[in-house]
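A.B. asks: Sequence and computational prediction follow.
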Amino acid sequence: MSEYSSQNASETVRLTSLSSCAGCASKLGQRALAKVLSELPHHADERLLVGNATSDDAGVFAIGPHQALVQTTDFFTPIVDDPYTYGQIAATNALSDVYAMGGRPITALALAGMPDEVLLPETIREIFLGGSEKAKEAKCSILGGHTIRVPEPIYGLACTGLIDPDKLMTNAGARPGDWLVMTKPLGTGIITTGIKRGHASGSSVESAVRLMTTLNSVGAEIAERGLCKAATDVTGFGLLGHLKSMCLASGVSVELESEKVPIICDEVLTLVETHDCVPGGSRENFKTCDPFVEWADAVSPARRALLADAQTSGGLLLSVAEAHLAQVIDTLVEFETLAQAVIGRVVDRADAEPLTMRVG
């Protein structure tokens, strides 16, 4: 028996009971990550089209005049107890980074750390199966992978996609006058915290799982149709954190209408107001972003927490030129995205003005 195992593998174990922090809320905080990356050496290569500098969702490396590789990896600890669903969510989340750049995933490698003396082989198999099925849905081949033994379950994918460099969507592509559009509602971090504390209803859990297992493949379609040049997926740093990265990379500010930001269900705000179901990662997001936000007095504390909520397998945030807005909305409807919400607008930022996100 290993030093970290106190249960017999023949027993049924709740996956979330093995997680110190679940899903994308387990990510290293934005401030800590920025400090680490700032101290790493920079390797110049003219083929590197997108690297760490703009905090984008994936790296992009040119392999020809009209083709580039999109590469990313994402993995996390269990956010739900059902192993198959956990695998689905983790794979969907990893594939999303390719779609957020406008690419299409083609191959992946599975990454897993498992406490094999705690979990049954059948449980581990179900996790892998869930991930494999989502990759298949994305027409992405899992070529193999790597596993290690660890105290907490970890699963995810290292993904490779293809894209035409002229169709790229990045954090640096937002322009004043663009409209901000979301494709999925917020609240997964709050709901999954409610699950762990026994406060989330079955209907809210079902809605959150549906959201977290829905592919963001519409991102590739929008990019290929030439409708958008700036996008990110909304995951562990919350809407405000990912929007902040886009503002910094693009040299712009934004005006956000908080009441127009879609929410999974009304229960999300109740979970915050009544049960304080705000994960630690979301609290860290708020601390990081709050100095850059001008809050209108009417924005409630619960809605402020929502905007910083660490999402797992969240939707896309698109910065869309007004000339293409109607076509983008039509494309989102065509792909039956879970939201087609226009939540704000990109505005100019004067050279002397500090980065500002105005939230009303």
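C.D. replies: Great, that's in hand.

A.B. asks: ok, and the closest non-adjacent residue to Ile191?
C.D. replies: Ala208 (4.4 Å; C-beta to C-beta, 6 or more residues apart in numbering). To be clear about C-beta, it is placed using only N, CA and C from the backbone, and glycine gets the same treatment.

A.B. asks: let me redo that: Cys265
C.D. replies: Ser204 (5.2 Å).

A.B. asks: Repeat that for Gly194.
C.D. replies: Nearest to Gly194 is Ala200, by C-beta to C-beta, 6+ apart, at 3.3 Å.

A.B. asks: on that earlier part again, the residue nearest to Cys265: which element?
C.D. replies: Ser204 is located in helix 202-212, with elements delineated by DSSP states H and E.

A.B. asks: Just after that helix, pick out the following helix or strand.
C.D. replies: helix 218-224.

A.B. asks: and Met357, backbone torsions?
C.D. replies: Main-chain torsions, Met357, degrees, to the nearest 10: phi -110, psi 110.

A.B. asks: Enumerate the beta-bridge partners assigned to it.
C.D. replies: Val254, Val293 (DSSP bridges).

A.B. asks: For the remainder of this discussion, apply numbering that starts at 263.
C.D. replies: Sounds good: first residue 263 from here, last item Met619.

A.B. asks: Confirm for me that His408 is in contact with Leu371.
C.D. replies: Yes. His408 lies in contact with Leu371 (C-beta atoms under 8 Å); the separation is 7.2 Å.

A.B. asks: neighbour-wise, which of these two wins?
C.D. replies: Higher neighbour count among His408 and Leu371: Leu371, with 15 against 10, using other C-beta atoms under 10 Å.

A.B. asks: What are the buried residues along the helix or strand where that one lies?
C.D. replies: Using DSSP H and E, Leu371 falls within strand 366-375. Residues Arg366, Pro367, Ile368, Thr369, Ala370, Ala372, Leu373, Ala374, Gly375 are the ones in strand 366-375 that count as buried (16 or more other C-beta atoms under 10 Å).

A.B. asks: wait, what's in contact with His586?
C.D. replies: For His586, the contact set (C-beta atoms under 8 Å, 6 or more residues apart in numbering) comprises Leu489, Cys490.

A.B. asks: Closest to Asp610 out of the buried residues of strand 366-375?
C.D. replies: Closest approach to Asp610 among the buried residues of strand 366-375 (C-beta to C-beta): Arg366, at 33.9 Å.
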